[in-house]
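Sequence and predicted structure are below.
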Amino acid sequence: MPIIVDLDVQLAKRRMSVGEFAEAVGITPANVAVLKNGRAKAVRFTTLDAICRVLECQPGDVLRWVPETPPNGRPPEPS
């Protein structure tokens, strides 16, 4: 998936445990694991808002886009 969730980085910077973070955001530790492991298919804006509030960061500090590598392993040709 080309969207990467960098929660580990933000939690480490703040020396915050998954349990503390989950409680502060209002989600379960299992859902934090889904986000951290890249298995989430969607994130509600209310959840993203809570994440940014708790971590005192911007959405771009938590989410980043990376281009997918095509099956042939070569970058796409310019149009």
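Yep, that arrived.

ok, and D61, which helix or strand is that part of?
Using DSSP states H and E, D61 maps to helix 59-62.

Can you work out which other helices and strands pack against the helix or strand that that helix is followed by?
Toward the C-terminus, helix 59-62 is succeeded by strand 63-65 as the next helix or strand (DSSP H and E). Judged by 3 or more Cβ pairs under 8 Å, 6 or more residues apart in numbering; DSSP states H and E, the packing partners of strand 63-65 are strand 3-5. C-beta here means a position set from N, CA and C on the backbone, and glycine is covered the same way.

For the strand it packs on, which strands pair with it and how are they oriented?
Partners of strand 3-5 in the sheet, by DSSP bridges, are strand 63-65 (antiparallel).

average pLDDT for the strand it pairs with?
For strand 63-65, mean pLDDT is 94.

Identify each buried residue in it, please.
Using 16 or more other Cβ atoms under 10 Å as the test for burial, strand 63-65 gives L63.

likewise stretch 45-58?
Quick answer for stretch 45-58 (16+ other Cβ under 10 Å): 47, 51-52, 54-55.

Where does the prediction get shaky in the chain?
1, 73, 75-79 (pLDDT under 70).

Helices of that one, residue ranges please.
For the chain, the helices defined by DSSP state H cover 7-13, 18-25, 29-36, 45-55, 59-62.

And the helix holding D61, what does it pack against?
Looks like helix 59-62 contacts helix 7-13, helix 45-55 (3+ Cβ pairs under 8 Å, 6+ apart).

between those, which one is nearest to T28?
Among the helices and strands packed on helix 59-62, the nearest to T28 by Cβ to Cβ is helix 45-55 (11.5 Å).
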